[in-house]
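Participant: need a structure here:
(one chain, ligands or ions: 1)
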Amino acid sequence: MSDGAADGKGVAVRLDKVSFSYGEALFAFDVGFTATQITAIMGPSGSGKSTLLNLVAGFETPRSGRVLIGTADVGGDPPAMRPVSMVFQENNLFAHLSVQQNVGLGRSPSLRLTEADHADIAGALARTGLAGKEKRLPRELSGGERQRVALARVLVRDRPVLLLDEPFASLGPALRDDMLDLVASLHAERGMTVLFVTHQPQDARRIAQKVVFLDNGTIAATGTSEDFFAGAGPEAFRRYIGAGAGDALSRDIARKRT
Ligand SMILES: Nc1ncnc2c1ncn2[C@@H]1O[C@H](COP(=O)(O)OP(=O)(O)OP(=O)(O)O)[C@@H](O)[C@H]1O
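Facilitator: Here you go, the predicted model:
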């Protein structure tokens with residue numbers, strides 16, 4: 001792991017004048033993410049949300065600029081060395097490994113696990129509501145349970161930065177709320193810095209303190225989620241979430257304040 005980014009408690013993440021391209025598609029990111037907060041990353045399809053996460057995770061390398069996690073420039077570190085965990089919309093698990101083994105990978109890529117590791121894995125499985133399902137294969141789980149396994153692995157990996165790339169987008173609304181509440185409570189316990197890509201305004205409002213809004217490969221606006229969802233965010237953001245959604249969210253906030 002890189003210097004300046006201890007396990008556990010979240011550390012700030014900064015993309016310092018980062019430029020990147022996929023052929024014609026250009027990206028310019030200059031943005032900071034506050035330590036120990038949850039920031040929702042929103043924006044139209046193709047605006048660069050996953051690209052931004054991939055630059056932080058190390059799956060992509062900036063053409064110029066620096067990626068800072070804590071005080072460390074991690075630009076030269078491969079993904080496995082970076083102090084981050086990542087959960088995608090799907091395919092987070094190895095199909096041929098049991099739940100317990102998939103979680104164990106968060107501690108040891110070779111699955112050489114100590115008694116203490118096994119105890120931590122059991123604790124993480126219990127914490128995410130998976131006790132009793134240790135021996136199952138991913139195909140023997142529901143979509144929500146598979147994402148719980150991914151979150152259990154995040155717990156045993158215990159890195160200070162968590163990257164979530166639309167992890168619950170394929171789940172129904174009630175289950176999505178359960179999963180978001182689980183993320184919020186894990187965040188309250190561990191205090192990691194969370195970058196949460198979502199298209200769902202209500203999901204961002206439910207758990208995020210900040211919003212970063214992307215448009216066309218750049219950071220179009222940043223602010224608190226309260227301001228964004230109370231209508232003080234930029235016009236482009238209001239257009240993106242739709243006037244109706246914005247009004248409903250404003251009413252919701254007004255109700256909560258009284
Ligand atoms: N591996 C790749 N090779 C070439 N182009 C890519 C690659 N990954 C993404 N792109 C392009 O880069 C742009 C940004 O993609 P990205 O996945 O970051 O957007 P996004 O905001 O996450 O979109 P969505 O909301 O649809 O998931 C898109 O135009 C996309 O086609």
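Participant: Just the pLDDT at Ala6, thanks.
Facilitator: Listed pLDDT for Ala6 reads 39.
Participant: hmm, I was thinking of Asp227
Facilitator: Predicted confidence (pLDDT) for Asp227: 92.
Participant: Please report how far it lies from Thr218.
Facilitator: Distance of Asp227 to Thr218, given as C-beta to C-beta, to the nearest Å: 20 Å. Placement of C-beta: from N, CA and C, glycine included.
Participant: need the contact list for the nearest residue to Arg136 once chain neighbours are set aside.
Facilitator: Excluding its sequence neighbours, the residue lying closest to Arg136 (C-beta to C-beta, 6 or more residues apart in numbering) is Val99, at 5.3 Å. The contact partners of Val99, taken as C-beta atoms under 8 Å, 6 or more residues apart in numbering, are 125, 130, 133-138, 141, 149, 152.
Participant: Dump these into CSV; add distance to Leu93 as well.
Facilitator: Shown next, in CSV, are the contacts of Val99 (distance: C-beta to C-beta, whole Å):
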residue, distance to Leu93
Leu125, 13
Leu130, 12
Lys133, 12
Glu134, 14
Lys135, 14
Arg136, 11
Leu137, 9
Pro138, 4
Leu141, 9
Val149, 6
Ala152, 11
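Participant: got the contact list for Val31?
Facilitator: By C-beta under 8 Å, 6+ apart, Val31 lies in contact with 14-15, 212, 219, 222.
Participant: could you redo the last one with a cut-off of 6 Å?
Facilitator: 15, 219 (C-beta atoms under 6 Å, 6 or more residues apart in numbering).
Participant: So it belongs to a helix, correct?
Facilitator: No: the assignment for Val31 by DSSP: H, G, I helix; E, B strand; the rest coil gives strand, which leaves it out of any helix.
Participant: Identify the bridge partners of it.
Facilitator: Leu15 (DSSP bridges).
Participant: Could you measure from it over to Ala12?
Facilitator: Between Val31 and Ala12 the computed distance is 11 Å (C-beta to C-beta).
Participant: Please identify the helix or strand for the residue nearest to Ala131 when sequence neighbours are not counted.
Facilitator: Nearest non-adjacent residue to Ala131, counting by C-beta to C-beta, 6+ apart: Leu125, 5.6 Å away. Per DSSP states H and E, Leu125 falls inside helix 115-127.
Participant: Same question for Gly10.
Facilitator: Going by DSSP H and E, Gly10 is not in any helix or strand.
Participant: Can you get me a residue count around it?
Facilitator: If you count neighbours by other C-beta atoms under 10 Å, Gly10 ends up with 25.
Participant: How about the contacts made by it?
Facilitator: Contact analysis of Gly10 by C-beta under 6 Å, 6+ apart lists 35-36, 160, 191-193.
Participant: Same check on Gly104?
Facilitator: So Gly104 contacts 111, 113, 121 (C-beta under 6 Å, 6+ apart).
Participant: so the nearest residue to Asn92 once chain neighbours are set aside, which of the three states?
Facilitator: Nearest residue to Asn92, sequence neighbours excluded (C-beta to C-beta, 6+ apart): Ala150, at 4.0 Å. Under three-state DSSP, Ala150 falls in the helix class.
Participant: burial measure for Ala150, as a count.
Facilitator: By other C-beta under 10 Å, the residues close to Ala150 number 23.
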